[in-house]
Structures are given as C-alpha cells and as structure tokens.
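> can't give you the sequence, but here's the structure:
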C-alpha cells in the first residue's frame, strides 16, 4: 500500500536530488570558467590558472552526501501530504543550500584550500536551489494530479465521532490532492450506517481489534470527543499492538481554537494555548530590522508624492496636513498613528466614535482619492521607523472600538500580541474598511500564529499589486 509507495518515492526523491546536485555543480563550472569570463568583472588574467573539471569533481564525493544529509535535517524528505508545505518547503530548501554553502566554505578554510573558486560555489548554490525548487514544484503538481484521480491513496480508518471528526473529513474532502481514502468510522454513540460526506459509521470502538486484523490500513485517526477520553488509552493500545501508524486529533477546539504547540518539560508534554512565532527574540529582531530597512527605503521613494499630496491637501481644505489619531498597538499600548488628513476637521469627541461609511460627507475631494488608493497611509512609514508599527501586521484600531470589540468578538485582543501593521493578511484578502470584524480577526489570528518572513514577503507583494486600490475604503 502507501507505505511501500512512500518509501520508493522518498528513495527516488533522494536519488534525483543527488543527480541535480551533480548537474548544478558541473553547470556552475561551465558558467564560471567558460561563460562569465566573457564579462570584464569576471574575466581571468592571462597568467591565472584554474583546476580542471575532473579536479573540481572530486569534491562531489563528499559534497553530494553532505547536502543530502543537510536536506534531510531541513525536513525535505518528509511525506508531502497535508496542507501548509508549499512556501515552507522552498524556505527549507533555501536554508539547506545556504547551510551547505557555509559548511563547504568552512571546510575549504580549515584545509587552507585557496585555489577553489568561491564564485563557482556561489553560482552552484543558486543553481542548485533553482533546480531543487523546480523539481519539487513539478513533483508536487504530479502528485496532486495523481491523487485527485484516485491513485497513490493513503487508506485511513477513523475512531470516534465528534466535531473534530467532521472537521477532519471536511478538510479531506476539500483537498483530494492530499490523497486520503476514508474506509469508515467506528463510534459507540452513532448508529451503523450514519454518513457524513460519504464517510460511513461501520461499527463500534470494540470492533477495532478485529477490523485491524483483517485490513491493511496506512493510518488510524483517533478523533474521540473530549467526553470520551477515558477510552483513549485502551484504543491507542489496540492500534499500537497492530503496528499501524496512529494519529490522534484532540477535540479541544472550543478551548484551544487554533494550532497548539507542544513543549517538553523533562518528559512531561505541555500544550501552549497559542503559538506566537514573533515572541521568539530572533524572529522579533529579524522582523524589526527588515521593517527599519524597508520603511526607510519606502519613505525615500515616496517623498516626492507625499510632498505633492501635502500641497494639494493644504490648498483644497482648511486644517492640518497630517492627521494623528490614537490607536492601540503592541501589548495594548496606545500610540499616535499618522495619516494624511482626508476629512473635514471635526471635534475630537465625534472623531473617536465615528465609523466611515460609503459616501461619507466628511471626506474631502482629494481625501476620497487618497483613501481609495491608500496613499493617506504613507505617513505611517514614520510610525514604523519609530517602532509603533510594522510594515505587515493586524491593522490598529481606536481605543473606543477596541473596548467595544473585545466584548463582541472572540479572541479580538490577541491581535495586540504583535505590532500593528501598515498592511496585513486580512487587508490583502479584502477585509478593510466597513467589512466583517470577525472575519478580519480570523485572518489576523492566522497571520499571528503562522508568521514567517516568507508570509510577510507574500503579503507585501499582494499589497503592492492589488492591495492599494480598495473598494471598501470610503
């Protein structure tokens, strides 16, 4: 069944990676010494010598196995089923190639080898990443197509019927490319024949041992309701005795509504209620450094447009050019957020509680344009440099609405565990302006718990290409 297919696929994966490493290395040699030398910056002097390809190729005896070991440790040979592996897999491949390059450079330094071209190995790292990424992209597409057609399936049996069971089946049905085939459900409370999206209850939990003896399942998925956890030890014991891989999906979504992270306390497992990658010091410093660099560049680029907007605002309506408003940011701290003024000047009392709607009479002529195009947000680059905000993150709200939404919207206050952003995952998915607060928070929570530099880059590009023009910005 799929166990044998997966082993064969992993072996083939490793072999192809090894071949690609060799091809990338040989091509890098040809590029460095026969193509790039035509350009003055890479040209070799008349008396400059370089090793032959055969001499360079000797490095492959340890370069190939070293890279394969690094790839394995970067998680590149884990099964490709389930969601969330796309960008992560390319990021792991990138890390693997950078680590391989650093290891090899260290070895050259340690053995005092000064005649190996460093440029060749940089070229090799770039080509090797491109080849590896191309191979994984094609393999992913092929596997998705094969599994959608009913081949290369992983055969599973579900034990227990609960809300988690239905959520699990929902995801399997929505993603046929994962290649899961559900043979049935065992449960003590549901009648035999009960069906949910073609998954049928075929017996009770006491029949698990007998069913496992007569079938060759790839995986048992235990999805007992939280009130039935007294059966868990016995059922897992039956599964373990059969030797079938067992997966437990806990029914705690009402208590821990998002992805939980396990922590090992000297052998005692502990579940963190919420995972916030930006609580990690390194991640936080990395994001802050990227914010400072990118916001400074963006401020220089947008300086002339900002001056033009400022002049038009001053000439077309009375009041200040820059409008500052108190918002709630990281750790519930208040700060003054800057925007170009796009409305008529109003009293502070009205401004605190007013919500902008379509055809709002308070919006000025130029204000309507800069709000539609998000140009009114440009002064927030100063907030980013000051440290009040980030380029990417949940949008900050006014204190009055924070107090209102914290009582009305579940988990609303969690958004303040990270810096608010100029743009965010909710905004590039259309949740800006007068849209659903609950849906906005869902997207904000996804961002907070799944943060990565790759996700920030994705949101930044989506903001640049489709996020500025906004039909919901009144």
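Good, I have the coordinates. All of these numbers come straight from a predicted model, not from anything done at the bench.

> Tell me the buried residues in the longest helix along the chain?
For the chain, the longest helix by residue count, based on DSSP state H, is helix 118-148. For helix 118-148, a neighbour-count test (16 or more other C-beta atoms under 10 Å) marks 120-121, 123-125, 127-129, 131-132, 135-136, 143-144, 147 as buried. Just so you know, the C-beta spots here come from the backbone N, C-alpha and C atoms, and that holds for glycine as well.

> okay, and the helix or strand of the protein with the least pLDDT?
Within the chain, no helix or strand scores below helix 348-353, which has a mean of 58 by mean pLDDT, DSSP states H and E.

> Against which helices or strands is the next helix or strand after that one packed?
Later in the chain than helix 348-353, the nearest helix or strand by DSSP states H and E is helix 365-372. Here helix 365-372 touches helix 303-316, going by 3 or more C-beta pairs under 8 Å, 6 or more residues apart in numbering; DSSP states H and E.

> for whichever helix or strand comes after the helix it packs on, packing partners?
Moving toward the C-terminus from helix 303-316, the next helix or strand (DSSP H and E) is strand 322-328. On a contact count with 3+ C-beta pairs under 8 Å, 6+ apart, strand 322-328 meets strand 334-340, helix 399-408.

> Is residue 432 in a helix, a strand, or coil?
Of the three states, residue 432 takes coil under DSSP: H, G, I helix; E, B strand; the rest coil.

> Following element in sequence after the longest helix of the chain, please.
That would be, after helix 118-148 and using DSSP H and E, strand 154-159.

> so which helix or strand takes in residue 270?
Applying DSSP H and E as the criterion places residue 270 in strand 268-272.

> and after that strand, which helix or strand comes next?
helix 281-301.

> If I take that following helix and helix 303-316, what angle do their directions form?
60 degrees (axes from the mean of the first three to the mean of the last three C-alpha atoms, to 10 degrees).

> Buried ones in helix 281-301, by neighbour count?
The neighbour-count check on helix 281-301 (16+ other C-beta under 10 Å) flags 287, 290-291, 294-295, 298-299 as buried.

> Give me the mean pLDDT for that helix.
Averaging pLDDT along helix 281-301 gives 92.

> who does that helix touch, helix- and strand-wise?
helix 380-386, strand 390-392, helix 453-462.

> Report all helices and strands that the longest one contacts.
Spelled out, that is helix 453-462. Partner elements for helix 453-462 (3+ C-beta pairs under 8 Å, 6+ apart): helix 86-110, helix 281-301, strand 390-392, helix 425-428.

> Run through who's touching it.
Helix 453-462 has contacts (C-beta atoms under 8 Å, 6 or more residues apart in numbering) with 87-88, 90-91, 286-287, 290, 294, 391-392, 423-425, 428, 447.

> quick one: which of those is nearest to residue 223?
Checking the contacts of helix 453-462 against residue 223 with C-beta to C-beta, the nearest one is residue 88 at 25.1 Å.

> Contacts only, for the closest one.
Counting by C-beta under 8 Å, 6+ apart, the residues that residue 88 touches are 452, 454.

> when you give positions from now on, start the count at 3
In the new count, where the first residue is 3, that last one comes out as residue 90.

> so can I have JSON lines of the helices and strands packed on helix 283-303 showing mean neighbour count and mean pLDDT?
Below are these laid out as JSON lines (neighbours: other C-beta atoms under 10 Å; pLDDT from 0 to 100):
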{"stretch": "helix 382-388", "mean neighbour count": "20", "mean pLDDT": "95"}
{"stretch": "strand 392-394", "mean neighbour count": "26", "mean pLDDT": "94"}
{"stretch": "helix 455-464", "mean neighbour count": "16", "mean pLDDT": "88"}
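
> so which of those comes closest to residue 30?
Of all the helices and strands packed on helix 283-303, helix 455-464 comes closest under C-beta to C-beta, at 25.7 Å.

> okay, the angle between that closest one and helix 283-303?
Angular relation of helix 455-464 and helix 283-303 on a 0 to 180 degree scale: 20 degrees, by the same axes, to 10 degrees.

> Distance from helix 455-464 to the middle of the chain?
Distance of helix 455-464 from the chain centroid (C-alpha atoms, centre = their mean, to the nearest Å) equals 9 Å.

> likewise stretch 163-183?
Relative to its parent chain, stretch 163-183 has a centroid offset of 21 Å by C-alpha atoms, centre = their mean.

> What of stretch 308-320?
In this view, stretch 308-320 has its centroid 40 Å away from the chain centroid, taken as C-alpha atoms, centre = their mean.

> neighbouring contacts of that stretch?
Residues outside stretch 308-320 that contact it (C-beta under 8 Å, 6+ apart): 323, 342-343, 346-347, 366-369, 372, 377, 380-381.

> what helices or strands is the helix or strand where residue 64 lies leaning on?
In this assignment (DSSP H and E), residue 64 forms part of helix 62-75. Applying 3+ C-beta pairs under 8 Å, 6+ apart, we find helix 62-75 packed against helix 4-32, helix 88-112.

> got the ones you listed as TSV, with mean pLDDT columns?
What follows is the helices and strands packed on helix 62-75, written out as TSV (pLDDT from 0 to 100):
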stretch	mean pLDDT
helix 4-32	77
helix 88-112	79
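
> And these: which comes nearest residue 237?
Smallest distance to residue 237 across these (C-beta to C-beta): 21.4 Å, for helix 4-32.

> What's opposite residue 203 in the beta bridge?
Beta bridges link residue 203 to residue 187 when assigned by DSSP bridges.

> one step back: among the contacts of stretch 308-320, which one lies nearest to residue 28?
Distances from residue 28 to the contacts of stretch 308-320, taken by C-beta to C-beta, are shortest for residue 380, at 49.4 Å.

> Report the contact partners of that closest one.
Neighbouring residues of residue 380 by C-beta under 8 Å, 6+ apart: 304, 307-308, 311, 342.

> May I ask which of those has the most neighbours?
residue 342 (23 neighbours; other C-beta atoms under 10 Å).

> How about it: what's its closest non-neighbour residue?
Sequence neighbours aside, residue 378 is the residue nearest to residue 342 in space, at 4.4 Å (criterion: C-beta to C-beta, 6 or more residues apart in numbering).

> Against residue 172, how distant is the one you found?
The gap separating residue 378 from residue 172 is 40 Å, by C-beta to C-beta, to the nearest Å.

> who has more neighbours, these two?
Between residue 378 and residue 172, counting by other C-beta under 10 Å, residue 378 is the more crowded of the two (23 against 12).

> Who are the contact partners of that one?
341-342, 344, 369, 372.

> redo that, cut-off 7 Å
By C-beta atoms under 7 Å, 6 or more residues apart in numbering, the contact set of residue 378 is 341-342, 344, 372.

> which SS state does it fall under?
Judged by three-state DSSP, the three-state class of residue 378 is helix.

> per-residue confidence at it?
For residue 378, the model assigns a pLDDT of 87.

> Good, we can wrap up now.
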